[in-house]
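Enquirer: Provided below for reference: sequence and predicted model.
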Amino acid sequence: MNRWVAAAVLALGLWPASAPAQTYPDKPITLMVPFAAGGSTDVFARLVGQSMSQALGQQIVVENAAGAGGTVAAARVARAPADGYTLLIHHLALATGATLYPNLSYDTLTAFEPIGLVNSGPYVLVARTSLAPRNAAELLAHIRENREKVTMGHSGVGAGSHLCIMLLQAMLGVKVNEIPYRGSGPAMNDLVGGQIDMMCDQTTNSIPQIRGGRIRAHAVTIPQRVSQLPEVPTLQEAGLAGFDVTVWHGLYAPKGTPQPIIERLSAALEAALNDPTILARFEELGAMAYPAGERGPAATRAQLEREVAKWRQVIRAAGVSVAN
């Protein structure tokens, strides 16, 4: 009899740990976006979130928490309950923040449970249409000549767009007038309005403006041209050998989230990334989904580790850090 009682107590003791995973999800899920509404990450979050909502049977609610190069939202998710109801979508700034912000409240490599890789794509160096240079070579010469007179916007210190112009300045040996914004959406608005000269922005946000003739595209930031902008050269073609900045998005949950929940979320993301409508929208915006079999939790963790190591060297060599 005592053995039966002990077994019953043990079973009862284990039940609370397994029950949430068995019933998950039974309420809406919050997906934290670390940048302002209207920016590239926000667009991808809403696109993928809508599809995942259908697969999970619960609504995914997007919440924007901009600030400090994406570390505000990351910190909120890192300290959220590990129950699968608070998730994070982030791009390469999650990796660069590990070095740029030496006093983070979380450890980038251990604070999150990776769910899956979403997509990748280039940045585009774009300028206001009234700026004199008409091609990439002329634009680089303009930056070299005018230096601090050139105004370049970015979506926050430590964001991918900031890293892009930081590397651009380092390779040109100049210092421009950097204008930080709370997201790429507000920065793009000012570029279209002529308040700033140029910026690096993801294809998601820039292609509609380029095709509408409201801004001018000068170069892409990856080694090869992109099919959506075949006439736009790479920065390497323009003379900056070795320039390569690729933006990539991953989905994460707080550390300690039960494995069955991670698997459920990963399966829902996989369903979204197999949706022809979403893939067509990705292509339209200049982004590509990672190949099937190369975008799960393990691949996401490996990608994050590689990117943290890669940009740690770059950022330390540039001598850049941000007090937080």
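Expert: Perfect, thanks for sending it. Residues are numbered from 1 along each chain as shown.
Enquirer: any idea how far residue 171 is from residue 288?
Expert: Distance check for residue 171 against residue 288: by CB to CB, to the nearest Å, it reads 25 Å. The way it works is simple: take the backbone N, C-alpha and C, and place the C-beta from them, glycine included.
Enquirer: ugh, typo on my part, it should be residue 144
Expert: Distance of residue 144 to residue 288, computed by CB to CB: 33 Å.
Enquirer: Then residue 159?
Expert: In this structure, residue 159 and residue 288 are 21 Å apart, going by CB to CB.
Enquirer: the more surrounded of those two?
Expert: For residue 159 versus residue 288, neighbours defined as other CB atoms under 10 Å are more numerous around residue 159 (32 against 14).
Enquirer: Make sure the more buried one is actually in contact with residue 93.
Expert: Yes. Contact between residue 159 and residue 93 holds when scored by CB atoms under 8 Å: they sit 4.9 Å apart.
Enquirer: what's the overlap in contacts for those two?
Expert: Residues touching both residue 159 and residue 93 by CB atoms under 8 Å, 6 or more residues apart in numbering: 69, 70.
Enquirer: Just to be sure, residue 248 is in a helix?
Expert: No. Membership of residue 248 in a helix is not supported by DSSP: H, G, I helix; E, B strand; the rest coil, which gives strand.
Enquirer: What residues are bridge-paired with it?
Expert: Going by DSSP bridges, residue 248 is paired in beta bridges with residue 120.
Enquirer: who's in contact with it?
Expert: Residues near residue 248 by CB under 8 Å, 6+ apart: 91, 92, 117, 118, 119, 120, 121, 303, 307.
Enquirer: Check which helix or strand residue 75 maps to.
Expert: Assigned by DSSP states H and E, residue 75 falls within helix 71-78.
Enquirer: Chain neighbours aside, what residue packs nearest to residue 273?
Expert: residue 289 (4.8 Å; CB to CB, 6 or more residues apart in numbering).
Enquirer: ditto for residue 126
Expert: Leaving aside its chain neighbours, residue 126 sits nearest to residue 215 (4.8 Å; criterion: CB to CB, 6+ apart).
Enquirer: Run through the residues that contact the one you found.
Expert: Applying CB under 8 Å, 6+ apart, we find residue 215 in contact with 126, 127, 128, 129, 188, 191, 192, 206, 209.
Enquirer: Tell me the helices and strands packed up against the one helix or strand residue 99 maps to.
Expert: If you go by DSSP H and E, residue 99 is part of helix 93-100. With contacts taken as 3 or more CB pairs under 8 Å, 6 or more residues apart in numbering; DSSP states H and E, helix 93-100 sits against helix 71-78, helix 160-172, helix 297-318.
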